[in-house]
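Q: Predicted coordinates and the sequence they were generated for:
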Amino acid sequence: MPIKLNNNSNHDKIIVNVKDVDCTYLKGKIPALSNISIQVKEAAITVIVGSNGSGKSTLLKSICGLIKIDRGRIDTLGINAQRGIDKLIPDCAYISQQPTTELEMTGKEVIDYFGCMYGLKKQTRLQRTRELLQLMNLEAQADKKVSRYSGGNLQKLHLAIGLIKMPILMLFDEPTNNLDTSSKHEFWSYIKYLVEDEHKSAIIISHDLSFVEKYSDNLIVLEEGHIVYQGKTKHLLQSVERTSLLVKFKTPIINTSKLKSLVANVVPLKTFNINKNLLQIRGYLNDSERHKLIGKLKENDYGIETVENMDQGLYDALRQLTDFKYQSPKEIKVKDGRRGTGRGRRRGS
């Protein structure tokens, strides 16, 4: 683990204060963020989640001053992010989704190079480079040219570059893309260590909900540029009404009484809800019950668009918070039998 730093921390201290922020693209034609107000406390892992196009990346970039806002104010580490981006550089690191690929240097040289750019002393650079190569499982790749790295190793190197200066505030945009499960665990565990032992702070955009549920302290949930939840992750999980299965029909259900009768006969004692073209089953369903229900729906000519097996946790909560707009990586395309995630909007992810 990295060298211990003598940091005194007040965990109630606000390190990011976003007040009444609007942000648009194309000279106001496309809204990205609408009347956003959030506060992020020190020494915590805060995760931003939401569907594609909900404004996550826009919010993260605006926090460090990389995107200009149309209205409102953002103070990051006590600095107006829209006017003092140069003052934020020493203590705030933004790690984007795009890894470095064009440098004609080895992985070890790249990390050391960025450490030098940040003004770190040679001994500190050497020690942190060694620690980060070990953390990211890049020791065997350390002396290879970056141009020969795989996508996963490039992502690991990209994370190491962002962590070399040990910033007070770390901003990550989908940091575990292209990483295997083991590497994801190592990354999240390391960030947890930095937050709890070194009193660092992290704001992370992530779709890996199992890791978000396990490691995050606080959540910010965005949908179509609006905040639909901000608070403790555990509080959201405690409030969610568990869902086992979500069936989406091609058209809205007109005769709800008929569908209610069918469901009650196939899976008795289960609680369910019908809302327009959605059938939501609550409580545990085994594989036999699921297959039987879907079979009966097909026999009765219900046009099914998708069938979704709901996670028993954070994913379920996000679906309910966003009126089932949150995109699922486990959505099942019934029509052709293939798994698919659907296509989200590309604007301001």
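A: Yep, that arrived. If you're wondering where the values come from, they're calculated on a predicted model, not measured in any experiment.

Q: Asp22: what secondary structure?
A: Following DSSP: H, G, I helix; E, B strand; the rest coil, we place Asp22 in the strand state.

Q: which residue sits closest to it, ignoring its sequence neighbours?
A: Arg71 (4.1 Å; Cβ to Cβ, 6 or more residues apart in numbering). Yep, even glycine has a C-beta here, placed from its N, CA and C like the rest.

Q: isn't that neighbour right next to Asp20, touching?
A: Yes: the pair Arg71 and Asp20 qualifies as a contact (Cβ atoms under 8 Å) at a distance of 6.6 Å.

Q: ok so, going back, give the contact list for the residue nearest to Asp22.
A: Residues in contact with Arg71, defined by Cβ atoms under 8 Å, 6 or more residues apart in numbering, are Asp20, Val21, Asp22.

Q: Which one of those is nearest to Ser210?
A: For the contacts of Arg71, the residue nearest Ser210 by Cβ to Cβ is Val21; the value is 30.2 Å.

Q: which residues does that closest one contact?
A: Taking Cβ under 8 Å, 6+ apart as the test, what Val21 contacts is Leu33, Asn35, Ile36, Ser37, Ser62, Ile69, Arg71, Gly72, Arg73, Ile74.

Q: Domains of the chain: list them as residue ranges, please.
A: Split into domains by automatic domain parsing, the chain comes to 14-238, 243-309.

Q: now the shortest one, how far from the chain's geometric center?
A: It refers to domain 243-309. 30 Å (Cα atoms, centre = their mean, to the nearest Å).

Q: and the end-to-end length of it?
A: 9 Å (Cα to Cα, to the nearest Å).

Q: That domain - what's its average pLDDT?
A: For domain 243-309, mean pLDDT rounds to 90.

Q: Please, where are all the strands along the stretch 201-349 of the chain?
A: Remark: strands assigned in the stretch 201-349 of the chain by DSSP state E, counting those that start in this stretch are 201-205, 218-223, 226-232, 245-249, 271-275, 278-282, 304-309, 331-333.

Q: what's the closest of these to Gly53?
A: strand 218-223 (9.6 Å).

Q: Check the model's average confidence along the closest one for me.
A: 97.

Q: Parallel or antiparallel, which strands does it pair with?
A: Using DSSP bridges, the strands paired with strand 218-223 are strand 45-50 (parallel), strand 226-232 (antiparallel).

Q: which residues are in contact with it?
A: Contacts of strand 218-223 (Cβ under 8 Å, 6+ apart): 38, 40-41, 44-51, 54-56, 59, 212, 227-233, 236, 318, 321-322, 325-326.

Q: How much space separates the spatially most central residue of the chain from Asp173?
A: The centre of the chain sits closest to Ser206, judged by Cα atoms, centre = their mean, with a distance of 1.7 Å. Relative to Asp173, Ser206 is positioned 9 Å away (Cβ to Cβ, to the nearest Å).

Q: Same question for Ile254.
A: Taken as Cβ to Cβ, the span from Ile254 to Asp173 is 43 Å.

Q: who's more crowded, those two?
A: More crowded of Ile254 and Asp173, by other Cβ atoms under 10 Å: Asp173, with 20 against 7.

Q: Can you tell me which of the domains of the chain has the worst average pLDDT?
A: Going by mean pLDDT, the lowest-scoring of these is domain 243-309, which has a mean of 90.

Q: Just list whatever residues bridge to the closest residue to Thr46 other than its chain neighbours.
A: Once flanking residues are discounted, Thr46 sits nearest to Asn218: 4.4 Å by Cβ to Cβ, 6+ apart. Counting by DSSP bridges, Asn218 is bridged to Thr46, Lys232.

Q: and the residue nearest to the centre of the chain, what does it touch?
A: Val47, Ile48, Val49, Phe172, Glu174, Pro175, Thr176, Val212.

Q: so where do the helices sit in the stretch 51-200 of the chain?
A: 56-63, 85-88, 107-117, 122-135, 151-163, 181-197 (DSSP state H, counting those that start in this stretch).

Q: what's the third one in contact with?
A: Translated: helix 107-117. 100, 103, 105, 124-126, 128-129, 132-133, 138, 141-144, 146, 149, 153, 157, 160-161, 164-165.

Q: before we move on, the earlier item: give me phi/psi at the residue nearest to the centre of the chain?
A: phi -150, psi 140 (degrees, to the nearest 10).

Q: Could you do Tyr118 as well?
A: Backbone torsions of Tyr118, given as degrees, to the nearest 10, read phi -80, psi 0.

Q: Now stretch 96-110 - C-alpha only, CSV.
A: Listed next in CSV are the C-alpha coordinates belonging to stretch 96-110 (Å, rounded to 0.1, in the frame of the first residue of the first chain):
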residue,chain,number,x,y,z
SER,A,96,-11.6,9.9,-18.4
GLN,A,97,-12.9,6.9,-20.3
GLN,A,98,-10.2,7.2,-23.0
PRO,A,99,-6.8,5.6,-22.1
THR,A,100,-3.5,6.8,-23.4
THR,A,101,-2.5,4.9,-26.5
GLU,A,102,-0.1,7.0,-28.6
LEU,A,103,2.9,7.5,-26.4
GLU,A,104,6.1,5.7,-27.6
MET,A,105,7.2,4.8,-24.1
THR,A,106,7.0,1.8,-21.8
GLY,A,107,4.3,1.6,-19.2
LYS,A,108,6.8,2.4,-16.4
GLU,A,109,8.1,5.4,-18.3
VAL,A,110,4.6,6.7,-18.9
